[in-house]
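In: I need the structure of the sequence given here:
(2 chains)
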Amino acid sequence: MPLVMDADRISRTLMRIAHEILERNRGVEELAFVGIRTRGVPLAKRLAAKIAEIGAHPIPVGALDITLYRDDLMRHAVGPQPLVRSTEIPFSIDDKKILLVDDVLYTGRTIRAALDALIDFGRPQSIQLVVLVDRGHRELPIKADYVGKNLPTSRQQSVQARLVETDGRDEVVVEDSERGS
Amino acid sequence: MRVDTAVHRPGHEGDRGGAGHPAAGLHMKDLLGIADLTSEEILLVLETADAMKEIGTRPIKKVPTLRGKTVVNLFFEPSTRTRTSFEIAEKRLSADTLNIAASTSSVTKGETLVDTALTLEAMAPDMIVMRHSASGACHLLSRICRSRIINAGDGMHEHPTQALLDAYTIREHKGRIGGLKVAIIGDLLHSRVLRSNLLLLGKLGADVWVSGPATLVPPGIERFGARATWSIDEAVEGADVVMMLRIQQERMRGHFFPSLREYFTLFGLTAARVTRAKPDVIIMHPGPMNRGVEIASEVADGPYAVILEQVANGVAIRMAVLYLLAGGVTEETAS
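Out: Numbers count the residues shown, from 1 in each chain, chains lettered A, B, ... in the order given. This is a model prediction of the structure:
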């Protein structure tokens, strides 16, 4: 179970992404984070905190649940269904520059669903994608704007990002195991 | 008409305080009654409804989850709130909906229930939401249809989505269900809402009291784990929740009490009676209400009443049920 990123590495990576976000977006007034549940939400909160640390404006953070927008609802055999959780976006996304945050970018289907879901909330000026890990194997024409780490993997492997807020510790590991997630 | 489902008493199920973990999915073809659900599955529906409720607050109140699925609402009995509630829930999930009311269908030409069902089935709907005046009508359909069946009320048997939305409303106000004193008062004999609620509240560990005139209390009600009393005041005393049931005159064959006025005097919920309950009591009614019969207008419109919240929560609960049934079972188990 090779460790790809430890807590320190994750923290420095997020700081680097925070700087990149500020560099590429003049004026932070129109920026807003939307984290994809589950682990995109704490990542978005940490990025917002880092940007506040650097001394820029506080940036609002929302949470998006994409379960109801998935394209595989009826395709699974009997198995656990993901629990639908609430979407909480406590600000208008109209004309905002949305920074969509997720932990691992893989097939791109989650992001496709998230884009559909976001657009039901309004018409943002733009949407940029932030991911902690890009593991390749895209099935849709989707590309991240900010990548914490590019991680070449095979489809048989599974990549797990764990965060203190959800899993009790910060780490990214690659597991040679069953089907990938 | 007797209820021949398993008897559940408070405390016999794992979850008493509503603090257990929700189930991983609803692995069943149909939702015929609360009797078929475990307390974990009930919690799953309630938690899923939380997320569904948020959709109703968005500017675009629609998600694409059930796109391309056909849902038939087959109502053999009059209904406003349940049918409308299901239809709104289906539309918010992007299903194609079709309403069939018995009064305008071939049923009036003498077609049997089974033939109506088979005819519909030939057009391959994904789900059928059915209300029928015969207890067990959904169970009959469940055996002959490949479509998933959701019971929207069968005779005097069950009305599972009503009990689920009642539980959701109670939980929203009280934060729990286990340990609460719930008084259910009125026409117990004819009420499917009562039967579903007794099963559900029992599974989640509430302390349920029922009260009504002797002629409207079905024998053996204690087997559901409820305590029966002839005195509404005793039932309401210290209650966290008071649920009033409608006097169902359309189902009454014979005289059960001398007059509606006398009924109101003895069993109607008046403001004076509400004062016996806990100060933060909530007053519920599945609707439609008979004002001045089972409930006084001042109570129905008063600060403790959550009757309209129940209606609002009904949409979220039905969305949750539709979503969970649609995703939880493979075609193999369905056949």
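In: Next, name the residue at the spatial heart of chain A.
Out: Computing the C-alpha centroid of chain A and ranking residues by Cα atoms, centre = their mean puts A:Asp102 first, at 0.9 Å.
In: Surely that one is within a strand?
Out: Yes. Assessed by DSSP: H, G, I helix; E, B strand; the rest coil, A:Asp102 belongs to a strand.
In: So the helix or strand that contains B:Val45, near chain A or not?
Out: Per DSSP states H and E: B:Val45 is located in helix B:39-55. Yes. Helix B:39-55 lies within reach of chain A by Cβ under 8 Å from any Cβ of the partner chain, at B:Leu44, B:Glu47, B:Thr48, B:Asp50, B:Ala51, B:Met52, B:Glu54, B:Ile55. Just so you know, the C-beta spots here come from the backbone N, C-alpha and C atoms, and that holds for glycine as well.
In: just to revisit the earlier point, tell me the contacts of the residue nearest to the centre of chain A?
Out: By Cβ atoms under 8 Å, 6 or more residues apart in numbering or on different chains, the contact set of A:Asp102 is A:Gly35, A:Ile36, A:Arg39, A:Gly40, A:Leu43, A:Thr110, A:Ile111, A:Ala114, A:Leu129, A:Val130, A:Val131, A:Leu132.
In: Okay, now the unreliable bits of the stretch 201-335 of chain B?
Out: For the stretch 201-335 of chain B, the stretches with pLDDT under 70 are B:328-335.
In: Which one of the residues in it is closest to chain A?
Out: B:Gly327 (4.8 Å; Cβ to the nearest Cβ).
In: if I look at that residue, how far off is A:Leu68?
Out: For B:Gly327, the distance to A:Leu68 (Cβ to Cβ, to the nearest Å) stands at 10 Å.
In: and what of B:Ser259?
Out: B:Ser259 sits 51 Å away from A:Leu68, going by Cβ to Cβ.
In: quick one: which of the two has more around it?
Out: A:Leu68 (24 against 9; other Cβ atoms under 10 Å in any protein chain shown).
In: tell me which residues in the lengthiest helix in chain A are buried?
Out: The residue-count maximum for a helix in chain A (DSSP state H) belongs to helix A:7-24. Under the neighbour-count criterion of 16 or more other Cβ atoms under 10 Å in any protein chain shown, helix A:7-24 has A:Arg9, A:Ile10, A:Thr13, A:Leu14, A:Met15, A:Ile17, A:Ala18, A:Ile21, A:Leu22 buried.
In: Quick one: list the elements packing against that helix.
Out: Taking 3 or more Cβ pairs under 8 Å, 6 or more residues apart in numbering or on different chains; DSSP states H and E as contact, the helices and strands that helix A:7-24 lies on are helix A:40-54, strand A:126-134, strand A:146-150, strand A:171-176.
In: how distant is it from the center of its chain?
Out: How far helix A:7-24 lies from its chain's middle: 14 Å, per Cα atoms, centre = their mean, to the nearest Å.
In: Leaving out sequence neighbours, find the closest residue to A:Ile17.
Out: A:Tyr146 (4.8 Å; Cβ to Cβ, 6 or more residues apart in numbering or on different chains).
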